[in-house]
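# sequence unavailable; structure follows:
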């Protein structure tokens, strides 16, 4: 346990009574005295503040000085349209391998003269090494160890942040801005991992605790841990890397087709040209053997990752498994997602989950379980 890293906000978490757990190599707050259920509900109704400083923050700058060259370089590693992303806008993406599997999922933003990429904490060192190995001939890359990352999420997130940064009011979902704060730069995106409106705020490490304290002093804002972060993203139908997507999963199996823009698809202006393109584009045209779906368990028993799924009550043939599951406080019942064979992926199909030796009925459900609340 002693080799766990700590974010710049660690002391604040402890002082606020957080229970911490190992996560992505860091000692991270899983919940506060408020408790997971109330933290979840507070984020849905007011505003929650999350420490996500364990994530990797990377800048990619073309040696030519042209943002277009940085965009085309990154397109060799991800199946997204980076070149077509306008300045001060952000997109969801994923690094793929030659088999079409997902190395990691990420967010990337056009900051005007460079790209800003945020990757998952558990993958950040491998991701950065991968990007350096493939992009360093044409680009300069830097991963920050002196910045923190806060997520302020919920319907009252804008109300709270406006008191400190009035210029966020005209931001829409997936907009990014660089704003001055106490002599430093904040890099802000209107995005998050909860299904709610909100912001992710990259802040210099020495300003992170004062900024967090200022926000937590506001009536709307409570500190939120990893427990509620997981139930919030699960209700919102968002993937967790390592559970719902991984090296053995393609973007098409994961039902992430929407994230691959027209320019990179078959017949597009820059078709293919990314690792695993042959596999991924073939699956886009011809389908996959399995697919990620929402799973709605009947009854009150939550079903966790690894729970096997069957088509029939007495069948020995496993047709899939749950990859994420738990109780959804907003919907008031258990929610889950997982993979099933494509012929059984239709919404409202009845399947059976095996829980502690018993077969219990579940229903294939549309994702997300709650409608997104983004500011368009």
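That came through, no problem. Everything quoted here is computed from the prediction, not taken from an experiment. Numbering: from 1, shown residues only.
# what segments of the stretch 101-250 of the chain are helices?
Using DSSP state H, counting those that start in this stretch, the helices of the stretch 101-250 of the chain run over 124-135, 157-162, 205-216, 226-235.
# so which of those helices is the most packed in?
helix 226-235 (a mean of 24; mean count of other Cβ atoms under 10 Å). For glycine as for every other residue, the C-beta is placed from the backbone atoms N, C-alpha and C.
# who's in contact with whatever helix or strand comes next after it?
Remark: after helix 226-235, the chain's next helix or strand is helix 277-286, criterion DSSP states H and E. For helix 277-286, contacts defined as Cβ atoms under 8 Å, 6 or more residues apart in numbering pick out 79, 96, 99-100, 250-253, 257, 260, 265-266, 271-272, 274.
# kindly give a single PyMOL line that selects the buried subset of those.
The PyMOL command for the buried members of the contacts of helix 277-286 (criterion: 16 or more other Cβ atoms under 10 Å) is given here:
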select buried, resi 79+96+100+250+251+252+253+260+265+274
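# rewinding a little: so which of the helices of the stretch 101-250 of the chain is nearest residue 14?
Evaluated with Cβ to Cβ, the helices of the stretch 101-250 of the chain place helix 205-216 nearest to residue 14, the distance being 11.8 Å.
# touching the closest one from outside, list them.
7-9, 11-12, 16, 49, 51, 53, 146-148, 150, 152, 160-161, 164, 181-182, 184, 201, 203, 221-223.
# tell me the average confidence for it?
Mean pLDDT, helix 205-216: 98.
# for stretch 156-164, same thing?
The model assigns stretch 156-164 a mean pLDDT of 98.
# if we can go back for a sec, and the contacts of helix 277-286, which is closest to residue 371?
Checking the contacts of helix 277-286 one by one against residue 371 (Cβ to Cβ), the nearest turns out to be residue 257, at 20.3 Å.
# out of the contacts of helix 277-286, the closest to residue 244 would be?
residue 253 (10.4 Å).
# once you drop chain neighbours, what's closest to the closest one?
In space, and not counting its chain neighbours, residue 253 is closest to residue 288: 4.8 Å by Cβ to Cβ, 6 or more residues apart in numbering.
# now that the one you found has come up, it's in contact with residue 250, right?
Yes - at 7.1 Å, residue 288 and residue 250 qualify as touching, with contact defined as Cβ atoms under 8 Å.
# so where's the stretch 251-376 of the chain shaky on pLDDT?
Along the stretch 251-376 of the chain, no part satisfies pLDDT under 70.
# most centrally placed residue in the chain?
Centroid check for the chain by Cα atoms, centre = their mean gives residue 193 as the closest residue, at 5.3 Å.
# thinking again about what came up before, quick check, nearest of the contacts of helix 277-286 to residue 365?
Proximity of the contacts of helix 277-286 to residue 365 (Cβ to Cβ) peaks at residue 253, which lies at 17.8 Å.
# tell me who's in contact with that closest one.
Counted by Cβ under 8 Å, 6+ apart, residue 253 has contacts 283, 288, 290, 291, 292, 339.
# what residues are up against residue 241?
Going by Cβ under 8 Å, 6+ apart, the list of residues near residue 241 reads 102, 104, 105, 120, 122, 123.
# just give the number of residues close to the residue lying closest to the second one once chain neighbours are set aside.
Distances taken as Cβ to Cβ, 6+ apart place residue 123 nearest to residue 104, at 4.2 Å, with adjacent residues excluded. Residue 123 has 20 neighbours, counted by other Cβ atoms under 10 Å.
# try residue 356
Residue 356: 7 neighbours (other Cβ under 10 Å).
# name the nearest residue to the residue nearest to the centre of the chain, ignoring sequence neighbours.
residue 233 (5.0 Å).
# so that neighbour sits against residue 194, correct?
Yes - between residue 233 and residue 194 there is a contact at 6.3 Å, judged by Cβ under 8 Å.
# quick one: end-to-end length of stretch 148-165, please.
Criterion Cα to Cα, to the nearest Å; first-to-last residue distance in stretch 148-165 is 18 Å.
# could you check how far it is from the centre of its chain?
Taking the mean of its C-alpha atoms, stretch 148-165 sits 18 Å from the chain's own mean (Cα atoms, centre = their mean, to the nearest Å).
# paired strands for the helix or strand containing residue 61, with orientation please.
Per DSSP H and E, residue 61 falls inside strand 56-62. Here strand 56-62 has these sheet partners by DSSP bridges: strand 115-119 (antiparallel), strand 139-143 (antiparallel).
# quick check: residue 371 is in a helix.
No - counting by DSSP: H, G, I helix; E, B strand; the rest coil, one finds residue 371 to be coil, located in no helix.
# so how far is residue 42 from it?
Using Cβ to Cβ, to the nearest Å, one obtains 19 Å as the distance from residue 371 to residue 42.
# what about residue 177, neighbour count?
18.
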